[in-house]
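>>> the amino acid sequence is not available; the structure is as follows:
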């Protein structure tokens, strides 16, 4: 009986630890005031009329972030009637707004790309790499999903087509009122973002 009790306590501790890790992984997004490459200022209030907003981590010169763009556009097109906003932010210290605007023009990026000054979003969300996406409830500030768009891209690998569609599946889940199982979502592949302490 004592052994069963110890086993129960051990399991409870493990599950509590896993829950804490999940909560740490899906942090809340802080309010922000950031300018995009066209000079528009964005805050969470900018997205208050949307049910959800998807943020994509962009980086100037990152090949993975560039190659994943068509996939991000495809998701936006598929959910165009679902009252979901799609945006981007750039947390690279070395990427200025003029550099971001040049990249957007050169690669036809038709999303707003907010410059994450001081890496406020990156630090709050635990961002480490580009090409990661976040689903956020703009009214509660909850992050409901983070991960890759799909499994098409990897380091030095690229499939002809994706077999797993993590962002689409997550959007379907949250739109149906469910909770995304983050255990089924791998880490994002992308270019490393250097985070600086201030």
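Nice, thanks for sending it over. Keep in mind the model is a prediction, meaning the values are calculated, not measured.
>>> and residue 72, how many neighbours?
Neighbour count of residue 72, defined by other CB atoms under 10 Å: 22. Yep, even glycine has a C-beta here, placed from its N, CA and C like the rest.
>>> now do the SS call for it.
helix (DSSP: H, G, I helix; E, B strand; the rest coil).
>>> buried residues in whichever helix or strand residue 174 is part of, which are they?
Using DSSP states H and E, residue 174 sits in helix 166-175. Of the residues in helix 166-175, 166, 167, 168, 169, 170, 171, 173, 174 count as buried by neighbour count, 16 or more other CB atoms under 10 Å.
>>> so who does the first one touch?
If I follow you right, that is residue 166. 145, 147, 148, 149, 150, 151, 185, 186 (CB atoms under 8 Å, 6 or more residues apart in numbering).
>>> adding neighbour count, write the residues you listed out as TSV.
Rendered in TSV, the data for those read as follows (neighbours: other CB atoms under 10 Å):
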residue	neighbour count
145	22
147	20
148	26
149	26
150	21
151	15
185	18
186	11
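>>> show me the shaky parts of the chain.
Flagging of the chain using pLDDT under 70 yields the residue ranges 1-26, 153-164, 198.
>>> now the strands: where do they sit in the protein?
Here the chain has its strands, by DSSP state E, at 34-35, 41-42, 52-58, 84-90, 113-115, 133-136, 143-147, 153-154, 157-158.
>>> what lines up beside the third one in the sheet?
The reference is to strand 52-58. Note on strand 52-58: by DSSP bridges, its sheet partners are strand 84-90 (parallel), strand 133-136 (antiparallel).
>>> is it correct that residue 78 is in contact with residue 168?
Yes - Residue 78 sits in contact with residue 168 when judged by CB atoms under 8 Å, with a separation of 7.0 Å.
>>> just to revisit the earlier point, can you list the strands of the chain in a markdown table and add distance to residue 28?
Formatted as a markdown table, these follow (distance: least, CB to CB, whole Å):
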| stretch | distance to residue 28 |
| --- | --- |
| strand 34-35 | 17 |
| strand 41-42 | 17 |
| strand 52-58 | 13 |
| strand 84-90 | 16 |
| strand 113-115 | 18 |
| strand 133-136 | 9 |
| strand 143-147 | 6 |
| strand 153-154 | 28 |
| strand 157-158 | 33 |
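>>> to residue 193, which of those lies closest?
Nearest of the strands of the chain to residue 193, taken as CB to CB: strand 52-58 at 7.4 Å.
>>> got the angle between the closest one and strand 143-147?
With axes from the mean of the first three to the mean of the last three CA atoms, to 10 degrees as the basis, strand 52-58 and strand 143-147 are set at 30 degrees to each other.
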